[in-house]
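Novice: Sequence and predicted structure, then a few things I'm wondering about:
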Amino acid sequence: MITNTVANQLRITGFVLKANLEGLTHEESLHRPEPGGNCINWVVGHLVHTQNGAMRVLGRTALWNEHDGACYARGSDGGLDESEAMPLEELLRTYDRAEAEILAGLEAISPERLKEPSPISPTKNSDETVGSLLEKLAFHQAYHLGQVGLLRRLNGHAGAIR
């Protein structure tokens with residue numbers, strides 16, 4: 001069943017995120033690469049923002065309301081200043097809590113629900129189902145974790161996954 005695959009992928013991405021953040025400071029998480037790109041803090045906050053959307057689709061209570069984490073939403077500026085950025089440790093704790101909620105939602109979802117039309121589709125796919133959206137979630141998280149790995153190196157740290 002796809003829920004087992006998605007759950008396994010999300011567990012792996014959680015592991016990789018923690019490895020890539022090991023030894024990084026909050027200040028380093030705000031460093032924005034030149035000539036452009038997102039800082040680590042934005043990427044991690046964006047992952048949490050996306051998890052909140054997935055929790056809603058899974059019928060779980062999101063950890064952030066629609067206004068919380070707006071600076072991390074898709075299309076927002078990927079550079080943050082100290083006043084708007086959440087502390088990196090807080091983001092990671094929120095990520096962990098959200099991951100647990102999503103995994104619980106995946107365990108409880110019915111095969112029928114997976115086939116239902118999704119209330120959202122980031123790719124504007126009119127045929128999006130809850131199941132296909134969850135598959136995209138796993139890809140989305142992995143995509144951005146690759147960025148975190150590169151941003152870690154740009155902050156002068158050795159690669160975390162060897």
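Specialist: The structure has been received and is ready for your questions.

Novice: C-alpha only now, for contacts and for neighbours.
Specialist: Fine.

Novice: Show me the residue at the heart of the chain, geometrically.
Specialist: residue 47 (1.8 Å; Cα atoms, centre = their mean).

Novice: check contacts around that one.
Specialist: 95, 141, 144 (Cα atoms under 8 Å, 6 or more residues apart in numbering).

Novice: Three-state assignment for it, please.
Specialist: helix (DSSP: H, G, I helix; E, B strand; the rest coil).

Novice: Flag every buried residue along the lengthiest helix in the chain.
Specialist: Secondary structure of the chain per DSSP state H: the longest helix is helix 130-154. Buried residues in helix 130-154, counted by 16 or more other Cα atoms under 10 Å: 130-139, 141-142, 144-145, 147-152, 154.

Novice: Tell me the residue in this structure that is farthest from the middle.
Specialist: residue 112 (25.6 Å).

Novice: Reformat the contacts of residue 47 as CSV; add distance to residue 120 and pLDDT.
Specialist: Below are those laid out as CSV (distance: Cα to Cα, whole Å; pLDDT from 0 to 100):
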residue, distance to residue 120, pLDDT
95, 21, 97
141, 17, 95
144, 20, 95
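
Novice: is it possible to export the residues you listed to JSON lines including distance to residue 125?
Specialist: Converted to JSON lines, those look like this (distance: Cα to Cα, whole Å):
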{"residue": "95", "distance to residue 125": "27"}
{"residue": "141", "distance to residue 125": "19"}
{"residue": "144", "distance to residue 125": "21"}
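
Novice: can you give me the helices in the protein?
Specialist: Going by DSSP H, the chain shows helices at 2-21, 26-29, 40-57, 88-108, 111-115, 130-154.

Novice: Out of these, flag the one nearest residue 73.
Specialist: helix 40-57 (5.9 Å; Cα to Cα).

Novice: Using CSV, write out every CA atom in that closest one.
Specialist: Presented in CSV, the C-alpha positions along helix 40-57 are these (Å, rounded to 0.1, in the frame of the first residue of the first chain):
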residue,chain,number,x,y,z
ILE,A,40,18.2,26.7,5.7
ASN,A,41,15.8,28.2,8.2
TRP,A,42,13.4,29.0,5.4
VAL,A,43,13.7,25.5,3.9
VAL,A,44,13.0,23.8,7.2
GLY,A,45,10.1,26.2,7.9
HIS,A,46,8.8,25.4,4.4
LEU,A,47,8.9,21.7,5.1
VAL,A,48,6.9,22.3,8.3
HIS,A,49,4.4,24.6,6.5
THR,A,50,3.9,21.8,3.9
GLN,A,51,3.5,19.2,6.7
ASN,A,52,0.7,21.3,8.2
GLY,A,53,-1.2,21.2,4.8
ALA,A,54,-0.7,17.4,4.7
MET,A,55,-2.0,17.1,8.3
ARG,A,56,-5.2,18.9,7.3
VAL,A,57,-5.7,16.6,4.3
